[in-house]
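Participant: I need the structure of the sequence given here:
(one chain, ligands or ions: 1)
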Amino acid sequence: TSLASSIQNFHFDNVLMNASGVHCMTTQELDELYASPAGSFVTKSGTPNARVGNPEPRYHQLELGSINSMGLPNNGIDYYLDYALDFQAKHPDHPIFLSVSGMSPSDYTLLAEKIQASDFNGLTEFNLSCPNVPGKPQIAYDFDTTEQILTDLFKIFTKPAGVKLPPFFDLAQFDQMAALLNRFPLTFINSINSLGNGLMIDPATDTALIRPKGGFGGIGGAYAKPIALANVRAFRQRLRDDIAIIGTGGVTTGRDVYDLILCGADMVQLGTVLQVEGVACFDRLNHELEAVMAEKGYTTLDDFRGKLQTIQ
Ligand SMILES: CC(C)(C)CCc1c(C(=O)O)[nH]c(=O)[nH]c1=O
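Facilitator: From the prediction side, this is the model:
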């Protein structure tokens, strides 16, 4: 059985990698991901300057997932770009992802210029699930702003690039977003980011579990699975064939990995399950995926990728 997968001319031994934000803040955490069975890894979204992020508690594990409002704590784009350049020199056959996030639309061009000017030869993930001007929805829910950012970005950026998207819930939004994305030379999209602005309560104190935003935060884990499957499937049905899809959200078992691939995913990112279980999840999930494939008589991911059946 082969778990190998590719995005364009980047080849990975297996589909599993971390989701940006989890186990990827420091060089030590990134080195641990390289040392793990993960097929690749991505950095915490770097911003133009380092950020402390929101006051704690800002993350909480729940029975069926997690809630977070970290506030983009990170060591800054230069820290992660330096790491990536050093890493690729040492491990030229192990392509990795650099995630970046603006704090405003104009930041994206600045981030893109910096990476474009560098020798980075991996894949860049532009996180579009980030704040806009107060009163406007997050960038990826604002189609005009998204169009402007991508237009400006691809005027200068020629390296392999993708966007990290929040979940969409409306078929007309899938149509609109896919039509917009199809106009740009994207290498991949990553769907989904956490379910924006959930709320969970401490039963002992009747208090919200996290401090920032009155307890509002992104929801991940099992809660996110049906939304992640639908978003991967909807974008696979709508995007150009040459745009790869990274499926993220809701993975706790190998069957969940299988299901994202069945919906069209080329790589699968792990967030909450990695936060909870640590890097042991990579081996467990790869073995569980192999078991599901064996049960079905499949030996490669292409045997079943995108082959979700519907009731006729
Ligand atoms: C939510 C933002 C802070 C605007 C972007 C960074 C981010 C965070 C975060 O750093 O709070 N958490 C997520 O689950 N997804 C994200 O994309």
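Participant: burial count for the closest residue to residue 187 other than its chain neighbours?
Facilitator: With sequence-adjacent residues excluded and distances taken as CB to CB, 6 or more residues apart in numbering, residue 187 is closest to residue 160, at 4.1 Å. Backbone N, C-alpha and C define where each C-beta goes, glycine included. Residues lying near residue 160 (other CB atoms under 10 Å) number 21.
Participant: which parts of stretch 243-262 are buried?
Facilitator: Across stretch 243-262, burial judged by 16 or more other CB atoms under 10 Å covers 243-252, 254, 256-262.
Participant: burial count for the residue in the stretch 201-312 of the chain that the ligand sits nearest to?
Facilitator: Residue nearest to the ligand within the stretch 201-312 of the chain (CB to the nearest ligand atom): residue 218, separated by 3.5 Å. Neighbour count for residue 218, taken as other CB under 10 Å: 22.
Participant: need the pLDDT of residue 160.
Facilitator: For residue 160, the model assigns a pLDDT of 98.
Participant: please apply the same query to residue 92.
Facilitator: Residue 92 is assigned 97 on the pLDDT scale.
Participant: distance check, it against residue 86.
Facilitator: As judged by CB to CB, to the nearest Å, residue 92 and residue 86 stand 12 Å apart.
Participant: just the CA coordinates for stretch 278-288, please, in PDB.
Facilitator: Extracted in PDB, the C-alpha atoms of stretch 278-288 (Å, rounded to 0.1, in the frame of the first residue of the first chain):
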ATOM      1  CA  GLY A 278       0.800  15.000  20.000                       C
ATOM      2  CA  VAL A 279       2.900  13.600  17.100                       C
ATOM      3  CA  ALA A 280       1.800  10.000  17.900                       C
ATOM      4  CA  CYS A 281      -1.400  10.800  16.000                       C
ATOM      5  CA  PHE A 282       0.500  10.700  12.600                       C
ATOM      6  CA  ASP A 283       1.500   7.000  12.900                       C
ATOM      7  CA  ARG A 284      -1.900   6.000  14.300                       C
ATOM      8  CA  LEU A 285      -3.800   7.800  11.600                       C
ATOM      9  CA  ASN A 286      -1.600   6.500   8.800                       C
ATOM     10  CA  HIS A 287      -2.100   2.900  10.000                       C
ATOM     11  CA  GLU A 288      -5.800   3.400  10.500                       C
END
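Participant: residues in contact with that stretch?
Facilitator: 3, 14, 16, 23, 32-33, 35-38, 251, 253-255, 257, 270, 273-274, 277 (CB atoms under 8 Å, 6 or more residues apart in numbering).
Participant: 10 Å instead?
Facilitator: Outside stretch 278-288, the residues that touch it by CB atoms under 10 Å, 6 or more residues apart in numbering are 3, 13-18, 23, 29, 32-33, 35-39, 251-258, 268, 270, 272-275, 277.
Participant: now, which of the residues you listed lie within helices?
Facilitator: 29, 32-33, 35, 254-258, 272-275, 277 (DSSP state H).
Participant: mind listing what's buried in stretch 136-143?
Facilitator: 138, 139, 140, 141, 142.
Participant: am I right that the fourth one is in contact with residue 173?
Facilitator: Think residue 141. Yes: using CB atoms under 10 Å, residue 141 is in contact with residue 173, at 8.3 Å.
Participant: residues shared between the contacts of these two?
Facilitator: By CB under 10 Å, 6+ apart, no residue touches both residue 141 and residue 173.
Participant: what parts of the stretch 101-250 of the chain come near the ligand?
Facilitator: 101, 127, 129, 130, 131, 193, 194, 218 (CB under 6 Å from any ligand atom).
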